[in-house]
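1. What would the 3D arrangement of this be:
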Amino acid sequence: MIRMSSVVVVDLTDHNFNIGFEAGYALSLGKPIVWTCEELGCEQKLPFDIQSQNVLFYKRGELDKMREQLKYRMIAALDHIRASR
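-> Below is the predicted model of the structure:
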């Protein structure tokens, strides 16, 4: 699915080790990544090499707001792909 995707959304909330492999694979394919993480303490636990990324932090109780922000980040990623062609 990553290979066929235009944009990859990576959620770091659960600190799942496998997500690092999937994100690395997406990066190696040149896929843009939209990074997300639940706000509750996540920003302090991100790996050092992710901390410099533009991570969309969200609150569990504000998922409608998160969906709206996610939509705009994905549109921006798609626009970036189109502009680089």
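2. Flag every buried residue along the lengthiest helix in the chain.
-> Using DSSP state H to define each element, the chain has its longest helix at helix 63-83. The neighbour-count check on helix 63-83 (16 or more other CB atoms under 10 Å) flags M66, Q69, L70, R73, M74, A77 as buried. (Each C-beta comes from the backbone N, C-alpha and C, glycine too.)
3. OK, contacts around the closest residue to the first one other than its chain neighbours?
-> In other words, M66. If the residues on either side of it in the chain are set aside, M66 comes closest to Y58, at 3.6 Å by CB to CB, 6 or more residues apart in numbering. The contact partners of Y58, taken as CB atoms under 8 Å, 6 or more residues apart in numbering, are T36, C37, E38, E39, K65, M66, Q69.
4. M4 versus Y58, what's the distance?
-> 26 Å (CB to CB, to the nearest Å).
5. what does I33 give?
-> In terms of CB to CB, I33 sits 15 Å off from M4.
6. Now stretch 27-43: buried residues?
-> Neighbour-count burial for stretch 27-43 [16+ other CB under 10 Å]: K31, P32, I33, V34, W35, T36, C37, E38, C42.
7. Looking at these, which are in helices?
-> Among the buried residues of stretch 27-43, the members falling in helices (DSSP H) are C42.
8. Can you tell me which of the buried residues of stretch 27-43 is nearest V9?
-> Nearest to V9 among the buried residues of stretch 27-43 is V34, at 4.9 Å by CB to CB.
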